[in-house]
Structures are given as structure tokens and as C-alpha cells.
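A.B. asks: Below are the sequence and a predicted model for it; my questions follow.
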Amino acid sequence: MSAKKVSVKWAKQVFEIEIGTSLEEVQAQLFSLTQVPMERQKLLCRGRQIKKDKDLERVKPGAKMMLMGTAEELKAPTKKYIFEEDLTATQKAELIKEDVAGLNNLGNTCYMNSTVQCLRSISELKGAINKYKNTPSRGTDPQSTMLVQMGQMFNDLDKARAPITPVTFVNTFRRLFPRFAQRGENGHFLQQDADECLMTFMDVARSKLDAKYSVEKDAKTNVVQQLFGFETVRKLKCTEGEEEEKVKTDLARKLTCHIDEKTNFLVQGIEKSLNEVVELKSESLGRNAQYQQTVRLKTLPKYMVVQFVRFYWKKELGKKCKMLRKVKFPLKLDVESFCDSELRKSISARRMKDKEARDKELGLDSLKKAKLDHGKEKSSMEVESVEPADTTGYYQLFGVVTHKGRDADSGHYIGWVHQKDDDWSKYDDEKVSPIKEDEILKLCGGGDWHTAYMCYYKRLDTMPEEKPKKGKKN
């Protein structure tokens with residue numbers, strides 16, 4: 001049956017509507033027009049009440065109908081809704097109630113601001129700097145002053161609910177390290193490198209924060225070495241002559257991810273940086289020669305910094321250009337394959353020990369399950385003779401510094417810092433906004449958008465419980 005146009009009078013109002021064969025649809029129309037709830041509606045046509053669908057068949061086109069019923073009283077909303085874009089930075093900070101205070105940009109200082117926000121989340125570093133700051137016998141030289149000001153800036157950010165302007169710290173930093181105070185032809189401060197800024201911060205902290213300022217008991221090395229430092233073993237094999245392999249032990253404070261046309265994942269780039277051909281002076285050949293260099297980790301730091309080597313010198317342009325290639329990085333980084341054989345065995349023993357403990361909690365026969373899974377009866381016995389490591393060989397991502405732009409001398413840096421669960425904060429200088437974990441993994445590059453340049457990982461000495469995958473039930 002085609003729709004019929006009718007008029008419905010309610011109180012002093014008359015509505016022109018179309019009706020079909022469904023009484024419920026007619027009542028829904030009338031509710032939207034009058035706010036009379038469907039259960040209160042009494043619909044009449046020529047003195048007869050319309051009670052069911054079949055009654056609508058008797059209604060002729062152009063009929064005049066009457067609606068009886070009281071409209072539902074409209075109440076003002078009890079909760080006031082405010083949109084995020086209408087909030088000030090102070091209001092946003094008050095609502096989020098996390099470490100969300102931003103830093104005002106003082107002339108291309110985004111490289112510094114993003115680095116500071118990542119370092120601020122390292123409690124051991126903040127504790128050591130505060131201990132130094134409160135020590136009367138500390139030094140009064142410019143580097144000591146800078147370190148004290150950094151500690152004060154950390155404390156101000158922890159308490160602030162609005163952006164702060166770190167004028168004193170920035171001025172001291174630029175006076176102490178003039179390369180960060182370079183200006184362009186227009187007189188404006190030039191953009192700087194976030195990695196160089198981090199290494200400079202580390203150098204200052206390393207020179208001032210010796211073992212006595214550590215928040216850990218019985219510390220024997222400086223705070224930077226405790227938190228970021230690790231030992232590596234470097235093997236050099238000459239590829240151009242018969243020469244005995246050279247083995248050297250070095251100290252490092254970060255890993256690098258080398259990027260070429262075949263690099264798709266962070267672990268691939270790290271592996272490239274640990275295995276490369278270098279040119280060195282050969283004593284036996286009396287000239288420079290090619291050496292195969294292989295580097296492996298002997299120890300694991302509490303915090304692992306990984307730099308994406310995205311900038312390279314382009315001679316024809318006379319500047320450092322950026323590789324935009326997409327390189328995926330994990331939230332949980334497994335470094336076992338980067339370790340030397342001794343450490344790898346120790347990590348394997350630790351993982352086997354943890355697995356057996358979990359299986360025992362679940363009431364499983366771990367040895368039987370290991371045979372079924374791996375077909376190696378002796379795997380457990382081999383690991384038993386090795387002392388399990390104090391750590392798991394895994395690292396958890398907690399901070400990212402991204403760069404947007406085409407070259408190193410321009411663009412913009414942003415810091416991204418983990419808060420709790422899957423909640424992160426995006427630190428775009430003075431603008432701070434909440435963001436979810438899924439968005440962090442999109443910072444892998446592949447376009448002219450914010451691309452991961454520095455990743456900050458924390459060592460996992462115990463494995464957290466696995467989060468259930470989205471869309472799947474436990």
C-alpha cells in the first residue's frame with residue numbers, strides 16, 4: 001500500500017505527515033514532532049482510536065486525525081560537555097592529570113624539548129640529578145650549573161599544569177655549547193639534531209654524576225654508564241690479506257639502525273650496523289684495507305637508545321637529506337640475536353627458567369611439552385649448565401622522538417612518551433595531547449609525516465603479562 005498524506009492535530013498545532021501500514025512508524029514520527037512518548041499516544045480518526053496496524057487501512061488520504069497525550073518534559077543536561085579543541089593547554093593538563101606539561105619553543109628548540117620529555121620519564125636519571133642538585137659540595141662550573149638547571153626544569157615540568165618557558169636552561173646550554181646557538185642569515189636560531197643534543201646531555205651528566213650520585217646501592221660507575229652504557233666486543237677480519245683477526249672491547253651508549261633499500265624493520269637495520277665493512281690501516285699490508293667488522297653486545301643497559309640513521313650528506317644539494325623509507329619498530333624489542341655467544345646462552349637459560357616457572361603455575365609438564373614443541377630432549381640439560389641472566393633480553397618502548405621534514409637543518413621534532421597501559425602523550429613543544437599506543441606504531445615513516453628518529457627502550461628484567469589481542473577472547 002502506498003503512503004497516504006494526512007493531517008494530525010495535537011493541542012494547537014497541526015502536522016502534515018505520511019502514513020503507511022505500520023502504526024509503530026506513525027507513532028515514531030509523532031514522537032519526533034511532539035515529544036509525546038509512544039506509550040502515551042492516543043491517536044483518533046473520526047472518533048475511533050487507532051490501536052493496531054489494521055486500523056490504518058481504514059484511514060483515507062487527506063483524513064484529519066487527532067493526537068492526545070502529554071509531551072515529555074525536556075530537561076537540561078546534567079553534565080556539561082566540552083570539546084578538546086575548546087580547551088586551553090592548562091585545562092587539558094588538569095583533565096589528563098599525567099606528566100603532561102609542555103615546553104615553549106625558544107627558537108627552533110623542538111629538538112631539545114622532545115629529548116627532554118623522553119629523558120624526564122627516566123626516574124633514576126631524575127633522582128641522580130636531584131641528588132647532585134641538593135649536594136652543597138657540588139661544582140659551580142658552567143656544566144654543573146647546566147645540570148642543576150636541567151634538574152630544576154624536570155621538577156618544574158612534573159609540577160606544572162601549564163607550559164613552562166626554560167629560558168635559563170636554554171641560554172646556559174647555548175653558551176656552553178655554541179654550535180647549538182648558530183643562527184641563519186635571517187638571524188633566527190637554526191634547527192639542530194636531537195641525537196647530538198642527547199649525546200651532549202649524556203656527556204655533561206657523565207662528567208658530573210659519578211657513582212655516589214646513583215640512586216642504586218653499591219654503584220661503581222657513573223650514572224650515565226649505569227643507565228645507558230653497555231660493553232661490546234668488536235671483531236675485525238681483513239678481507240684483503242692473511243691477517244690475524246683483531247678483537248676489541250668497546251663501550252657504547254646507543255645502537256644505530258642503518259637504512260637502505262632493503263631495510264623494512266628496526267632489527268634489520270640494527271643488524272646492518274653491527275655487521276659492516278670498514279676501511280682501516282693494515283700493518284701487514286702497509287696501507288688502508290677493507291675489514292669485515294662484527295659487533296656483539298657483552299652487557300645490556302637498563303635503557304637502550306636506538307637511533308635511525310636517516311640523514312645523509314647529499315653533495316649536489318650541499319646539505320643533509322633525509323631517508324623517508326618506512327622502517328617498522330616494535331613495542332617490545334628482542335636483542336638476544338645482537339649479543340655475544342656467552343650472553344645469548346645466559347639469556348636462553350633465563351627464558352627457559354621463566355618458561356618452566358610459567359608451565360608449573362599452569363600445571364603443565366614443561367619437559368614433555370619442550371620435547372613435543374622442539375624435538376630436542378637435551379635442550380633443557382644444555383641450558384641448565386649456564387647461569388641464567390638477570391634480565392630477559394627484551395626491552396619495552398617508552399619514548400620516541402620523531403622528525404618531520406626533508407632535511408636535517410629544517411623540519412620539526414616531537415616527543416612521544418608512554419604514560420600507562422596503552423596511553424601515551426604527544427609533546428609538540430607547548431602543546432600536549434593524549435594518544436593511544438596504536439598511533440605510535442604509525443610513526444615508522446614512508447611519507448612526509450612524523451617519522452621515528454630516536455627510540456627509547458627500557459630493559460625488561462621480568463616479563464609482563466601478555467595483553468589479549470584485540471578482537472579475540474581470552
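C.D. replies: Cool, the structure landed.
A.B. asks: ok, and for the strand or helix carrying residue 359, which residues are buried?
C.D. replies: Following DSSP states H and E, one finds residue 359 within helix 341-362. By neighbour count on 16 or more other CB atoms under 10 Å, the buried set for helix 341-362 is 343-352, 355-356, 359. (Each C-beta comes from the backbone N, C-alpha and C, glycine too.)
A.B. asks: In TSV, list these along with pLDDT and distance to residue 209.
C.D. replies: Shown next, in TSV, are these (pLDDT from 0 to 100; distance: CB to CB, whole Å):
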residue	pLDDT	distance to residue 209
343	96	27
344	96	31
345	95	33
346	95	29
347	95	29
348	94	34
349	93	33
350	94	30
351	92	33
352	91	37
355	87	38
356	86	40
359	81	43
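A.B. asks: Output those residues as CSV; include the columns distance to residue 284.
C.D. replies: Converted to CSV, these look like this (distance: CB to CB, whole Å):
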residue, distance to residue 284
343, 32
344, 32
345, 34
346, 36
347, 37
348, 38
349, 40
350, 42
351, 43
352, 44
355, 48
356, 50
359, 54
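A.B. asks: hmm, which two among the residues you listed are most spread apart?
C.D. replies: Greatest spatial distance among the buried residues of helix 341-362 (CB to CB): 343 and 359, at 24.5 Å.
A.B. asks: Am I right that residue 243 is in contact with residue 280?
C.D. replies: No - Residue 243 is beyond contact range of residue 280, at 10.6 Å (criterion: CB atoms under 8 Å).
A.B. asks: wait, is residue 136 part of a helix?
C.D. replies: No - assessed with DSSP: H, G, I helix; E, B strand; the rest coil, residue 136 is coil; it does not lie in a helix.
A.B. asks: What's the local residue count around it?
C.D. replies: Using other CB atoms under 10 Å, residue 136 has 4 other residues around it.
A.B. asks: and it, how far is that from residue 210?
C.D. replies: Distance, residue 136 to residue 210, using CB to CB, to the nearest Å: 16 Å.
A.B. asks: Please apply the same query to residue 431.
C.D. replies: Distance from residue 431 to residue 210, by CB to CB: 38 Å.
A.B. asks: and these two? which has more neighbours close in?
C.D. replies: residue 210 (16 against 12).
A.B. asks: Distance check, that one against residue 405.
C.D. replies: Distance, residue 210 to residue 405, using CB to CB: 38 Å.
A.B. asks: Now do the phi/psi pair for residue 213.
C.D. replies: Torsion angles at residue 213 (phi, psi; degrees, to the nearest 10) stand at phi -90, psi 0.
A.B. asks: what's it in contact with, if anything?
C.D. replies: By CB atoms under 8 Å, 6 or more residues apart in numbering, the residues touching residue 213 are 128-129, 131-132, 135, 223.
A.B. asks: Farthest pair within the residues you listed?
C.D. replies: 135 and 223, at 13.2 Å, using CB to CB across the contacts of residue 213.
A.B. asks: for the stretch 1-150 of the chain, what are the low-confidence residue spans?
C.D. replies: Applying pLDDT under 70 to the stretch 1-150 of the chain flags residues 1-2, 73-99.
A.B. asks: Please repeat the previous calculation with a cut-off of 80.
C.D. replies: In the predicted model of the stretch 1-150 of the chain, residues 1-3, 32, 72-100, 137, 139 satisfy pLDDT under 80.
A.B. asks: Where do the helices of it begin and end?
C.D. replies: 23-34, 89-96, 110-120, 123-133, 142-159 (DSSP state H, counting those that start in this stretch).
A.B. asks: Looking at the ones you listed, which one is packed in the most?
C.D. replies: Stretch with highest mean neighbour count among the helices of the stretch 1-150 of the chain: helix 110-120 (a mean of 25; mean count of other CB atoms under 10 Å).
A.B. asks: what helices or strands is it leaning on?
C.D. replies: Applying 3 or more CB pairs under 8 Å, 6 or more residues apart in numbering; DSSP states H and E, one finds that helix 110-120 contacts helix 142-159, helix 194-208, strand 394-404, strand 412-420, strand 423-428, strand 451-460.
A.B. asks: Could you double-check that residue 55 lies in contact with residue 48?
C.D. replies: Yes - under the criterion of CB under 8 Å, residue 55 makes contact with residue 48 at 7.5 Å.
A.B. asks: can I get the CA coordinates of the helix holding residue 359 in CSV?
C.D. replies: Output in CSV follows, covering the C-alpha atoms of helix 341-362 (Å, rounded to 0.1, in the frame of the first residue of the first chain):
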residue,chain,number,x,y,z
SER,A,341,77.5,-16.2,22.4
GLU,A,342,78.1,-16.2,26.2
LEU,A,343,75.3,-13.7,26.9
ARG,A,344,73.0,-15.4,24.4
LYS,A,345,73.3,-18.7,26.3
SER,A,346,72.7,-16.9,29.5
ILE,A,347,69.5,-15.2,28.2
SER,A,348,68.3,-18.6,26.7
ALA,A,349,68.8,-20.1,30.2
ARG,A,350,66.8,-17.3,31.8
ARG,A,351,64.0,-17.7,29.2
MET,A,352,63.9,-21.5,29.8
LYS,A,353,63.7,-20.9,33.5
ASP,A,354,60.9,-18.4,33.2
LYS,A,355,59.0,-20.8,30.8
GLU,A,356,59.3,-23.7,33.2
ALA,A,357,58.0,-21.5,36.1
ARG,A,358,55.0,-20.4,34.0
ASP,A,359,54.3,-24.0,32.9
LYS,A,360,54.5,-25.1,36.6
GLU,A,361,51.9,-22.5,37.5
LEU,A,362,49.7,-23.8,34.8
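A.B. asks: For that helix, name the packing helices and strands.
C.D. replies: Looks like helix 341-362 contacts strand 287-297, helix 366-374, helix 379-384 (3+ CB pairs under 8 Å, 6+ apart).
A.B. asks: what inclination does it have with respect to strand 394-404?
C.D. replies: Computed by axes from the mean of the first three to the mean of the last three CA atoms, to 10 degrees, the angle separating helix 341-362 from strand 394-404 equals 110 degrees.
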